[in-house]
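Colleague: Have a look at this prediction, sequence included:
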Amino acid sequence: QVQLVESGGGLVQAGGSLRLSCAASGRTFSMYAMGWFRQAPGKEREFVARISRSSGSTRYADSVKGRFTVSRDNTKNTLYLQMNSLKPEDTAVYYCAADREPRSWNYGLGSLYDSWGQGTQVTVSS
């Protein structure tokens, strides 16, 4: 399995931007589709975004579409989430996750992902 470590979280005002990173260990990063999830206090974990192994396909939750961009650099074993026009409702712990399988459906189910990072806190003030 791949080990994942997120970074880049912090406190930002509404309307601001943050870029999260997820560093993966091992030489098999390019074999995984990658996802971002988030969990706000008292709420269920929810899907945010996903990118295919070769960056050819991306998927987004409706709540972040047009504001967030997922990308990856397989030469650096790193996944990114650029978050713009942040809103207070984006406040959550953000997790990256790795999925061995290419999927065109059910990609939002966290139980299908094989490895998870420890999370990074994003707080958006109003």
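Modeller: That came through, no problem.

Colleague: you'd agree Tyr32 is up against Cys96?
Modeller: No - if you go by CB atoms under 8 Å, Tyr32 and Cys96 don't touch, sitting 10.4 Å apart. Backbone N, C-alpha and C define where each C-beta goes, glycine included.

Colleague: between those two, which one's more packed in?
Modeller: Cys96 (30 against 27; other CB atoms under 10 Å).

Colleague: Quickly find the element holding that one.
Modeller: strand 92-99 (DSSP states H and E).

Colleague: do the same with Thr69
Modeller: strand 68-73.

Colleague: and the residue nearest the centre of the chain, what does it touch?
Modeller: Nearest residue to the geometric centre of the chain (CA atoms, centre = their mean): Trp36, 2.1 Å. Neighbouring residues of Trp36 by CB atoms under 8 Å, 6 or more residues apart in numbering: Leu20, Cys22, Val48, Ala49, Arg50, Val70, Leu79, Leu81, Tyr94, Tyr95, Cys96, Ala97.

Colleague: would it count as being in a strand?
Modeller: Yes - Trp36: assigned to a strand according to DSSP: H, G, I helix; E, B strand; the rest coil.

Colleague: pretty sure Ser71 is touching Gly56, no?
Modeller: No - assessed by CB under 8 Å, Ser71 is found out of contact with Gly56, at 12.0 Å.

Colleague: picking that back up, from Met83, how far off is the residue nearest to the centre of the chain?
Modeller: 10 Å (CB to CB, to the nearest Å).
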